[in-house]
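Chemist: Model the structure of this input:
(2 chains)
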There are 2 protein chains.
Amino acid sequence: MGAPTMAWVDAGWRAVRVVAMYCAVIVAAMSTPSGVSAQPLQSFVDPFIGSQGKGNVFVGPACPFGMVKPGPDCDLGANSGYVADSTKPVFGFSQTHVSGTGGGPKYGNVSLFPFVGDYTGVHQPSLRADERARTGYYAVTLTRPAVRVELTTAPRAALHRYVFANAGKHGIRIDAGSFLGESPVPNAREAQQFVGSEVRVVSDTMVQGYSRVLGGWNNGSAYTVYFCAVFSRPAHACGTWKGGSLAPGAGVQTDTGEKTGAYLTFDGPAGDTVQVKVGISYISAGRAEYNAQHEIPAWDFEGVVARACDAWERLFQRIEIEGTAAQKTMFYTALYHTMLMPVDKTGENPGWRSSAPYYDDFYTLWDTFRSSLPLITFIAPARQVEIVNAMLDIYEHDGYLPEGRSGDCNGRTQGGSNAEVVIADAYVKGLKGINYRLGLEAMMKDAMIPPGGNEEKEGRGGLTDYQRLGYVSSSFVRAGTRTLEYAYNDFCLAQVARGLGRKGEAEHFLKRSANWQNLWRDIPDHGARGFIMPRDPAGAWVDSVQCDIVNGVRRYVRYTPLAFEWPICICWWCGFFYEGTSWEYSFFVPHDVPGLIKRSGGPAAFTARLNTYFDNGYYNVSNEPGFLTSCLYHWVGRPDLSSQRTREIVVQNFNTSAAGIPGNDDSGAMSSWLAFHMMGFFPNAGQPYYLLTAPLLDRSVVHLDNGRRFEIVAEGLSLVNVHIQSATWNGKPFDRSWIGHHEIMQGGSLKFNMGPKPSSWGSASTPPSYP
Amino acid sequence: MGAPTMAWVDAGWRAVRVVAMYCAVIVAAMSTPSGVSAQPLQSFVDPFIGSQGKGNVFVGPACPFGMVKPGPDCDLGANSGYVADSTKPVFGFSQTHVSGTGGGPKYGNVSLFPFVGDYTGVHQPSLRADERARTGYYAVTLTRPAVRVELTTAPRAALHRYVFANAGKHGIRIDAGSFLGESPVPNAREAQQFVGSEVRVVSDTMVQGYSRVLGGWNNGSAYTVYFCAVFSRPAHACGTWKGGSLAPGAGVQTDTGEKTGAYLTFDGPAGDTVQVKVGISYISAGRAEYNAQHEIPAWDFEGVVARACDAWERLFQRIEIEGTAAQKTMFYTALYHTMLMPVDKTGENPGWRSSAPYYDDFYTLWDTFRSSLPLITFIAPARQVEIVNAMLDIYEHDGYLPEGRSGDCNGRTQGGSNAEVVIADAYVKGLKGINYRLGLEAMMKDAMIPPGGNEEKEGRGGLTDYQRLGYVSSSFVRAGTRTLEYAYNDFCLAQVARGLGRKGEAEHFLKRSANWQNLWRDIPDHGARGFIMPRDPAGAWVDSVQCDIVNGVRRYVRYTPLAFEWPICICWWCGFFYEGTSWEYSFFVPHDVPGLIKRSGGPAAFTARLNTYFDNGYYNVSNEPGFLTSCLYHWVGRPDLSSQRTREIVVQNFNTSAAGIPGNDDSGAMSSWLAFHMMGFFPNAGQPYYLLTAPLLDRSVVHLDNGRRFEIVAEGLSLVNVHIQSATWNGKPFDRSWIGHHEIMQGGSLKFNMGPKPSSWGSASTPPSYP
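Modeler: Numbers count the residues shown, from 1 in each chain, chains lettered A, B, ... in the order given. Predicted coordinates:
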């Protein structure tokens, strides 16, 4: 079996470096995986992948689903705080971040930063050098002041280590007034806005306080980040500030709606080290103190790194792969990105008390329902059960399932009500420990009760139209996206209803799931025929949209299948489609691809349409609506074409470089898409099967929760042998282009025989239809 | 002029006692009013009026619109915490209360209580004796332990004084886990529910912490009451608890979702006194400490009482009256009750930062729009401007105007969207300093955008029907109340729109304000003809409602004008009318009484209908829907009958006893109705005029904000001479039964000549119609 030498290998230098520096520190602490590789799997993680370009990933240390994510802030407008361009200085190390998001930033609260001499003000940015990042660890050298900064973290408390290069007076400030995405415009959309803050120097080794902020991308209500900073040795002096006024020696700044902070000063020789535990809580400073002292009981920086690594390692061991170091770097970094969010805040919910788990930062389900959560269902099914139960608890207390929930607020929906897909996915895959009757009730609420008021916060905006007309009309924004996604959401609801014996609801919503057809307009474009197009409430097709007047001129945008009217003509969120064109969205009927093929003119026309889409560049790799599209060839009996398209997308767009993720990683959405396709199977989320494509890895072994294992082997895979010739399942010939979830759960070995040319393998089957 | 000796005089003993004990303490501190009476007006306030029966008023000390209201808790189910029946023990003195509300209780947070010997547990209720209450002061003697407890308060900090009768070990516990209205049922409707708490003994004289609770009557989201208790001298020992576990000597209990508290122990001789300042804040414990130390800088209990009294006195001086002591007691107690809520929380908003004032506990506007807020507009117009601006700021940040807002949450609507009436009332009365364009925008949101999801939280539930059908159909609960109130709300909106030059909207909503007619069914009942009756979405009248099955039997309630189907047949909030019958509600067309008279069969039929209503007992004195009805005789040219009915209602239902308020006082709604009618004029809120009725007071002088005065004199008033014979306005004959707001604001003297028999005075005029 020849080692593949694919495009990404050259970019794998970073992973090698990371591994080298890593192993010395930590390898001894790791348990040896059950086979395949003796090197710790987390050593393959490179947090910098996706930190350049549009990936927007978080580069600091994190625990799986961890609440605290300390990291460098280099730009108030950066979603993760970080920018790769090292000519941009770093100005703080705040404790809370998201990973991979777009739009207005969120969090970036409670910012620490070192200073030398007397403390003179909060904004003292420094250029940076020698940045390192690996699982549970981030380090950077600040050039002025000359300080080496290292960060690690437990789930709810960060640990900072500052080594001051020069002797003398130096210290650390804690800013309770800064956060990402601040705007000078009051109540600016998507901008975080300051509400209040407080600091109290409790002793010469402890500072407590909070930062209260509202808004950000999901325009959520105010959230409060409490902190307790514990220093490794007593300070010589302290001070605080409020607004622009420094108060040396003053230990308390009470909340009067102004920005506050505190600083502690030390004296020491060159190489003087100060460590700070920063416990975080969303309910109280007392709880933050508990989190700091309970999760980081000692000043054992390496031990905290090791515990984070160990937590990751145990998850990564659920999937062992064979491949190049670069492939492993891409793969395990992808798994890593997939489990940075949502965030486990059980016991940290300021909104209600419940015996259910509590997760936040569903950011957003529109991104993660497609592959992130299905991947978590394999790696950490107990987590997935907790996540769904948390969603149902949110429904019970806040009235609707979450969508773009963050900062403890159901803030925003993008397209459909995709929590429904997540519930259906858990149901059809047989996840235990979920109250599916409650789940159905929550889905019904989405499907039946218009959210009203703010139609973008939760539930289904435009539902009044959808219920009355069978589509969301041009009276509502994002009408095309909504209609398509609601139709699929209805299908998901129908599946759960049917399973629970609720025949009436199952029939009703299954019928409604055909609603996408109500926006299908029989027009030609670039050789294809039939597209989802805008329609007014009276049923007439809408041919153009009137733009705002600019410089006295009113313009119109004609609706064509390639047109998008946002953000030039109308606002970003006001278009007929959300972040896409009709060419992209007219493929989104995941529950009825045969119906879609029929409306598109049959298998040949549909195949040609897919080819046009990919060949003409209508496909957008950087966004989620196209996640399933490269596999749609399966439904015309051409899984070979699915494999080829998918492989092209991976090779051209993903690699181990900092720019190695082609769009916003969106809480691991892009990453999990990659991980599934590297293994050779991909979920149609909400339905209990996977589409099989040519693996990019020699071998993948998924250790299932039930103790069995699911193996995919690509025998003979090489740079040339990339096409499936034939397959066996547990030794018997296997000619289906898809495999059921329940088949996988029985355990088994799926072996592909790879060859240099496409074959007709799998062409006789098409993926299952429900019901 | 003979002194009236009306029914309430006999009940006035309490007021006399209160005055006697009061004057010794405080009279020297008061400035002398400009005439009329040298006795401080606040000495007439008897906080116990309305504390027995259905009044539900708060009896503890309070400042005008004050955030903190410390008081005794005797029953977890009592809305104000207090029950008059002294065989019921008191079990705590908590810092937060509402006044006059019904339904599920709210607040009752941070409860202090003394103990003797070792602290053994939070629940140690005591019988009580010698209760006293006056403005800014409450005292009670606990029988076991034998402790005299006295309470006073600043706006945001309470001061407690405990005098222990016996020598020995004794102390005070602070319970961060108790609150009113707790239910064993999880997520019970209208029940407050525990979320979390924390306590920290900061020093031997200070305890800080918080209590986090959600729910209560308005089913609101979680609110957090932070506290800082400062003791007047160092404790000998301390302890804390969590759940059922006492922890003597432990100073901290961190929030783990369990109930916590702390206690301090002292040793002292008989008569030992311990004082405690309890600062409260809704944003932080630090702010609570600031409130305690800033508002109560010294241990000057009498000084705090005096400052509260002074604040009230300055407000009361805006209206000076002549009458008996009992009348003054009723009148000034009414003004007092009217200004206990809403609560000024400017600077204490955890939801956002704003330059606008912040008020909470609009509890509810359905109650207070009718007479409470119009009364505040006279006594404290600057406050009223702040209140309206706070409402608009809430609209800007929370998306809708408040209705039953409490605990920082727009929680619940009852009937209409009555914030609109409040805005219109301010507009038509010319209040300056309000952005009425923003006000119109907020009104339009109510009127145009269905609130969705939870249709009882804010905005107009059932608006989809109202917009489509012109009435709220039987598909929605409270359809009758909603249709009637929305019609009036539309009228209010139209007035503001017209004033701002928005002709299109003005016409549209003026037309919509006739929507009440769409539920007018031409059926007879007890001699009257035509009633607001339920109608289904297809336009058919609904004749009966199907009840839930009880003991296997399904029953029906026939809809008649006297029927109510709640709470026996369907839930309390699910009826066609909210807390009333069609007989009561079919009079509620405040903007088009002439139209109502016409639909009712003309003036004679309408007069007969009013007589039937009052004579047959269909009138319900204990609720707000009937607030205007006794004055409707004005529109048939019989203001003499309005006066007689009103006088009967007052005499039969209001007095100076503890049971002297006939229904829930509802944040001063009942009280303000009484106060206006004692003076002899009453607002039609939302419109710029007042209906004139025979005064019950010899003379009332309203000192207007512009420096002018408006005087009403009832010359010759006696037990016999209760009827208006004639009137003059500034010395000139005045034959109108109403007076305009802008006339009043010019200042002047309205003199009524009273006589023993009804006259035809005012019969030639009817109140103005708009437009």
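
Chemist: and the residue of the stretch 451-600 of chain A nearest chain B?
Modeler: residue A:452 (1.6 Å; CB to the nearest CB). Using the backbone N, CA and C atoms, a C-beta is placed for each residue, glycine as well.

Chemist: Quick check: pLDDT value at that residue.
Modeler: Note on residue A:452: pLDDT of 85.

Chemist: repeat for residue A:43
Modeler: For residue A:43, pLDDT reads 97.

Chemist: Need the three-state assignment for it.
Modeler: helix (DSSP: H, G, I helix; E, B strand; the rest coil).

Chemist: what about it, how many residues close to it?
Modeler: By other CB atoms under 10 Å in any protein chain shown, 28 other residues sit near residue A:43.

Chemist: That one contacts residue A:134, correct?
Modeler: Yes - using CB atoms under 8 Å, residue A:43 is in contact with residue A:134, at 7.4 Å.

Chemist: can you list the residues of the stretch 151-300 of chain A near chain B?
Modeler: Within the stretch 151-300 of chain A, the positions near chain B by CB under 8 Å from any CB of the partner chain are A:187, A:193-196, A:198, A:200, A:210, A:212, A:214, A:221-222, A:224, A:252, A:254-257, A:283-284, A:286-287, A:289-290.

Chemist: Sort out which of the residues you listed are buried, if you could.
Modeler: A:193-196, A:198, A:200, A:210, A:212, A:214, A:221-222, A:224, A:252, A:254-257, A:283-284, A:286-287, A:289-290 (16 or more other CB atoms under 10 Å in any protein chain shown).

Chemist: Now do the strands in the stretch 451-600 of chain A.
Modeler: For the stretch 451-600 of chain A, the strands defined by DSSP state E, counting those that start in this stretch occupy A:520-525, A:528-532, A:544-550, A:553-558.

Chemist: Make TSV out of the ones you listed and add distance to chain B and mean neighbour count.
Modeler: Putting the strands of the stretch 451-600 of chain A into TSV (distance: least, CB to the nearest CB, whole Å; neighbours: other CB atoms under 10 Å in any protein chain shown) gives the following:
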stretch	distance to chain B	mean neighbour count
strand A:520-525	28	15
strand A:528-532	26	22
strand A:544-550	20	13
strand A:553-558	22	11
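
Chemist: so can I have JSON lines of those strands showing mean pLDDT?
Modeler: Formatted as JSON lines, those follow (pLDDT from 0 to 100):
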{"stretch": "strand A:520-525", "mean pLDDT": "98"}
{"stretch": "strand A:528-532", "mean pLDDT": "98"}
{"stretch": "strand A:544-550", "mean pLDDT": "86"}
{"stretch": "strand A:553-558", "mean pLDDT": "89"}
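
Chemist: Quick one: the ones you listed as a markdown table, columns for distance to residue B:262 too.
Modeler: Shown next, in a markdown table, are the strands of the stretch 451-600 of chain A (distance: least, CB to CB, whole Å):
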| stretch | distance to residue B:262 |
| --- | --- |
| strand A:520-525 | 67 |
| strand A:528-532 | 63 |
| strand A:544-550 | 60 |
| strand A:553-558 | 65 |
